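Visitor: Sharing a sequence plus its predicted fold:
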Amino acid sequence: MPDVKHFDSAEVLAVVEQLFWRRGVAATGIQDVVAATGLSRSSLYNSFGGKDELYLAALQRYLEQRSQPMFDRLAADDRGLPALADFFERLLQMRCSGARARWGCLISNAHTEDPVDAASAVLDQHHAGLSAAFRAVLEVAEGKHQLRSGVDLEASAEMLTLLAYGINLRSRSGVPRATLRTGVRAALEALR
């Protein structure tokens with residue numbers, strides 16, 4: 001008789017995502033996942049595979065449910081530079097206060113972990129999505145004459161992407177929001 005699932009896979013994956021996000025993949029063992037989800041090892045393995053597969057599923061979930069909606073909202077914002085300022089202010093708010101303060105970003109954190117081979121595709125997808133959103137906003141800013149003459153939009157989008165990753169990582173180590181904000185201001189000022 002086939003094993004019948006008595007749990008919601010999406011809910012379990014949400015718990016696992018937060019566990020990896022808060023602790024990192026290297027510091028999270030399968031027993032930690034068992035304890036956090038309340039599932040047996042066999043249920044986890046039968047439903048998701050091993051720890052690497054769970055981690056990949058958590059990364060993909062994070063990208064689809066947390067990151068991509070932010071990228072889409074940013075790319076659709078037609079204000080130009082004020083949209084960038086608001087994006088970074090929201091990022092600072094998320095990373096420096098609230099229940100997930102000092103967690104950083106699961107995707108940014110993944111860049112610092114021992115790589116799971118298949119994770120590189122998710123990391124690349126995240127990077128491309130964020131960079132494209134910044135590029136879209138910079139194009140709007142250029143059309144509104146908010147950028148200084150000669151700004152390289154592609155290079156600037158990459159700079160802003162790296163700035164976002166830096167905020168995610170530095171906030172994890174407790175760097176104050178005011179300190180991180182000075183970097184954002186300098187980057188935005190360089191574009192004007």
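Guide: Okay, I see it.

Visitor: what ranges do the helices span in this protein?
Guide: 9-23, 30-37, 41-48, 51-62, 68-76, 81-96, 106-112, 119-143, 153-172, 177-191 (DSSP state H).

Visitor: mind exporting the shortest one as PDB, just the C-alpha atoms?
Guide: Below are the C-alpha coordinates for helix 106-112, written out as PDB (Å, rounded to 0.1, in the frame of the first residue of the first chain):
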ATOM      1  CA  LEU A 106      18.800  33.300   1.600                       C
ATOM      2  CA  ILE A 107      20.200  33.700  -1.900                       C
ATOM      3  CA  SER A 108      23.000  36.100  -0.800                       C
ATOM      4  CA  ASN A 109      23.800  33.800   2.000                       C
ATOM      5  CA  ALA A 110      24.000  30.900  -0.400                       C
ATOM      6  CA  HIS A 111      26.800  32.600  -2.200                       C
ATOM      7  CA  THR A 112      28.900  32.300   1.000                       C
END
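
Visitor: What's the mean pLDDT across that helix?
Guide: Helix 106-112 comes out with an average pLDDT of 92.

Visitor: Equivalent analysis for the longest one, please.
Guide: Helix 119-143 shows a mean pLDDT of 96 in the predicted model.

Visitor: For burial, what's the neighbour tally of Pro69?
Guide: Applying other Cβ atoms under 10 Å, we find 10 residues neighbouring Pro69. Glycine gets a C-beta too; all of them are placed from N, C-alpha and C.

Visitor: where are the low-confidence patches of the chain?
Guide: Residue ranges of the chain with pLDDT under 70: 1-5, 114-116.

Visitor: can you do 80?
Guide: For the chain, the stretches flagged by pLDDT under 80 are 1-6, 114-118.

Visitor: Just the buried positions in stretch 152-165, please.
Guide: For stretch 152-165, burial by neighbour count (16 or more other Cβ atoms under 10 Å) applies to 153, 156-161, 163-165.

Visitor: How far does it sit from its chain's centre?
Guide: 15 Å (Cα atoms, centre = their mean, to the nearest Å).

Visitor: same thing with stretch 49-63?
Guide: For stretch 49-63 - counting by Cα atoms, centre = their mean - the centre lies 14 Å from the chain centre.

Visitor: can you check stretch 152-169 too?
Guide: Using Cα atoms, centre = their mean, the offset of stretch 152-169 from its chain centre is 13 Å.

Visitor: Mind listing residues that contact it?
Guide: 84, 88, 91-92, 95, 104-105, 108-109, 111-112, 127, 130-132, 134-135, 138-139, 142, 180, 183-184, 187, 191 (Cβ atoms under 8 Å, 6 or more residues apart in numbering).

Visitor: try 7 Å
Guide: Stretch 152-169 is contacted by residues 84, 91-92, 95, 104-105, 108, 127, 130-131, 134-135, 138-139, 142, 180, 183-184, 187, 191 when judged by Cβ atoms under 7 Å, 6 or more residues apart in numbering.
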